[in-house]
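J.: structure of the sequence below:
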Amino acid sequence: MNKKVVTVFGSSIPVFGEEQYEWAYKLGEIFAKNNLDLCTGGNLGIMEAVSKAAKENGARTIGITLKGSFGNHNQFISDHISCDTLFERITKLINIGDAYVVLQGGTGTLLELSAVWELMNKKILTKKPFACHGYMWKGIIETIEEQLSKENRKTGLIKYCSDIEECADFIVQKLNMVN
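T.: Here you go, the predicted structure:
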């Protein structure tokens, strides 16, 4: 039986010792201890932290990178997939995931969050557990949910979590319900 995979999106900027890196590490640790594998963009920062914790706790780590300047992957990746285009990379990150977590990030992370959300909203992607953590997402989620409600579209596809353990527990619980 294949283990479930959580795709985690987030910034490549945080480094060891910084709060966002430590949150990502904790997330990877919790998922690995709950028998889940991890998929990330394979680079540094949040992607490295999640992968490091997962690998140290016995989980498989999948890194999906973009050929060229961002093609190198971190040392904690078990399985590496290299893509030719950004959209191929995002598609693979989404297709591999049985659940998704979005941590702090910039425009790339926003693009990934938006892609998952839109694919589920349009029912192109089956609804899967989907959560975000980080103060920056709270206002974005509230604003988009308000607009979706006005348009009589599906709301509640993404859960905002203010605590990393809450975020992890939400995903673990939802994936366990699917088994």
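
J.: for F170, give its distance to S12.
T.: According to C-beta to C-beta, to the nearest Å, F170 stands 25 Å off from S12. Placement of C-beta: from N, CA and C, glycine included.

J.: I misspoke; the intended subject was A32.
T.: For A32, the distance to S12 equals 21 Å [C-beta to C-beta].

J.: who has more neighbours out of those two?
T.: Per other C-beta atoms under 10 Å, whichever of A32 and S12 has more neighbours is A32, with 23 against 19.

J.: thinking that one is in contact with S51, fair?
T.: No - if you go by C-beta atoms under 8 Å, A32 and S51 don't touch, sitting 10.1 Å apart.

J.: what's the overlap in contacts for the two?
T.: Residues touching both A32 and S51 by C-beta atoms under 8 Å, 6 or more residues apart in numbering: L38.

J.: need phi/psi at the residue of the chain most remote from its centre.
T.: The outermost residue of the chain, judged against the average C-alpha position, is K150 (27.6 Å), by C-alpha atoms, centre = their mean. Note on K150: backbone dihedrals following degrees, to the nearest 10 are phi -60, psi -30.

J.: I81 is in what secondary structure piece?
T.: strand 79-83 (DSSP states H and E).

J.: dump that strand to PDB, keeping only the CA atoms.
T.: In PDB, the C-alpha atoms belonging to strand 79-83 read as follows (Å, rounded to 0.1, in the frame of the first residue of the first chain):
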ATOM      1  CA  ASP A  79      13.000  11.100  -5.200                       C
ATOM      2  CA  HIS A  80      13.800  14.000  -7.600                       C
ATOM      3  CA  ILE A  81      11.700  15.000 -10.600                       C
ATOM      4  CA  SER A  82      13.000  17.800 -12.800                       C
ATOM      5  CA  CYS A  83      10.500  19.700 -15.000                       C
END
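
J.: partners of that strand, with directions?
T.: Neighbouring strands of strand 79-83 in its sheet, by DSSP bridges, are strand 61-66 (parallel).

J.: just the buried residues of the partner strand, please?
T.: For strand 61-66, the neighbour count (16 or more other C-beta atoms under 10 Å) marks T61, I62, G63, I64, T65, L66 as buried.
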